[in-house]
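[1] Pasting the sequence and the predicted model now:
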Amino acid sequence: MLDETVVFDLAIPVEVFGRVRLPDGRRPYRVRACGPRPHVPTEIFTIHPPWGLEALADADTIIVPGRSETAGPPPADVLESLRDAAARGTRIASICGGAFILAATGLLDGLAATTHWTAAQQFAELFPKVEVRPDVLYVDNGQLLTSAGASAGLDLCLHMVRRDLGSAVAADAARLAVTPLEREGGQAQYIVHEHHPVPRGSLLEPALTWIEEHLGEELTLETMAARCGMSTRTFSRRFREHTGTTPLQWLLRARVRRAQYLLEHTDHSVERIAVQAGFGSATAFRDRFKRVAGTTPHAYRAAFRGSR
């Protein structure tokens, strides 16, 4: 089902489900593109879905792709068709921003869901009854499934194939799509952890600059507070007021950012990076890095080395 779709989101289920073959050569899925009207404009070209919303009535699985940010609210007939399909027991999955359409039906209320990490905050504000999980690639609630960005939609489609037909068939579909059947880590490894804003001229501004220049040293709450000429209690309070986080949480993310840079741009060993970023030991580095980035330093380097 599509409406003002992000074209890549639509291509993913067509590519995955359309290529699936059973060991005897049979095609287990029939893929149809459906829309609320005959002509669906996108930002690139116009799509002419061969089927209307009535085709959803006998669908076993419905994939809801993303929509253009300028598309406006989902059409009422689309939402009603999805509610009717859910009442019949149809499996419904969304890719990327398609989670906004699925959530607008109310079907996700009380359930966990995900969407692209850049839209997670807006999603949480619009749908407070949904538990937003911005750190995962996809969420499987059984009948209702959601995925993060477009490539996570590929992960979700392969997951559904494996659920339907087993690992061997899914692995073959993954090879045809030139992708692993399972990716290590979650969406957290792709999130850019920006600095929390600090007002220009604030007492904290020079202190935070100094901290970033000395990340490789042993830094404690007392050390950082003394740099600002404050007690630890006053420093912690003002830090949270200015940045929305605690000094130690800010320090951890600053060290992870430094480690990410070194993993991407140098050949330094994990042990050396652990010292350079201020984690001390490689064991502590691996544990804290995975806690924030959602993957291991080795896997992060493999995925992002030379990609920026």
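    Received it, and whenever you're ready, just let me know what you need. Numbering: from 1, shown residues only.
[2] Please make it C-alpha for all contacts and neighbour counts, starting now.
    Fine.
[3] And the pLDDT for His298?
    On the pLDDT scale, His298 is placed at 89.
[4] and it, what does it touch?
    Listed by CA atoms under 8 Å, 6 or more residues apart in numbering, the contact partners of His298 are Val270.
[5] and it, what element?
    Taking DSSP states H and E as the criterion, His298 maps to helix 297-304.
[6] Show me which residues of that helix are buried.
    Buried residues in helix 297-304, counted by 16 or more other CA atoms under 10 Å: 297, 299-301, 304.
[7] Kindly report the same for stretch 279-298.
    For stretch 279-298, using 16+ other CA under 10 Å, the buried residues are 279-280, 282, 285-286, 288-290, 292-297.
[8] Provide a list of residue ranges in the stretch 151-300 of the chain with pLDDT below threshold.
    178, 180-203 (pLDDT under 70).
[9] now the helices: where do they sit in it?
    167-176, 204-213, 221-227, 232-243, 247-265, 270-276, 282-293, 297-304 (DSSP state H, counting those that start in this stretch).
[10] In CSV, list the ones you listed along with distance to Thr114.
    Putting these into CSV (distance: least, CA to CA, whole Å) gives the following:
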stretch, distance to Thr114
helix 167-176, 22
helix 204-213, 32
helix 221-227, 35
helix 232-243, 26
helix 247-265, 22
helix 270-276, 31
helix 282-293, 17
helix 297-304, 21
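[11] Which one of those helices lies nearest to Leu111?
    Ranking these by proximity to Leu111 (CA to CA) places helix 282-293 first, at 23.7 Å.
[12] helices and strands around the closest one, which ones?
    Under the contact definition 3 or more CA pairs under 8 Å, 6 or more residues apart in numbering; DSSP states H and E, helix 282-293 sits against helix 247-265, helix 270-276, helix 297-304.
[13] From the chain's centroid, how far away is it?
    20 Å (CA atoms, centre = their mean, to the nearest Å).
[14] just stretch 289-298 next, same as before
    15 Å.
[15] What of stretch 143-151?
    9 Å.
[16] Ok, stretch 223-231 next?
    Centre to centre, stretch against its chain (CA atoms, centre = their mean), the figure for stretch 223-231 is 37 Å.
[17] how about that stretch: buried residues?
    Quick answer for stretch 223-231 (16+ other CA under 10 Å): 224-225, 227-228.
[18] Check stretch 212-224 too.
    215-216, 221, 224.
[19] which ones are touching the residue lying closest to Ala168 once chain neighbours are set aside?
    Among residues not flanking Ala168 along the chain, Arg162 sits closest, at 7.8 Å (CA to CA, 6 or more residues apart in numbering). By CA under 8 Å, 6+ apart, Arg162 lies in contact with 168-171.
[20] any idea which of those is closest to His48?
    Checking these one by one against His48 (CA to CA), the nearest turns out to be Ala170, at 29.5 Å.
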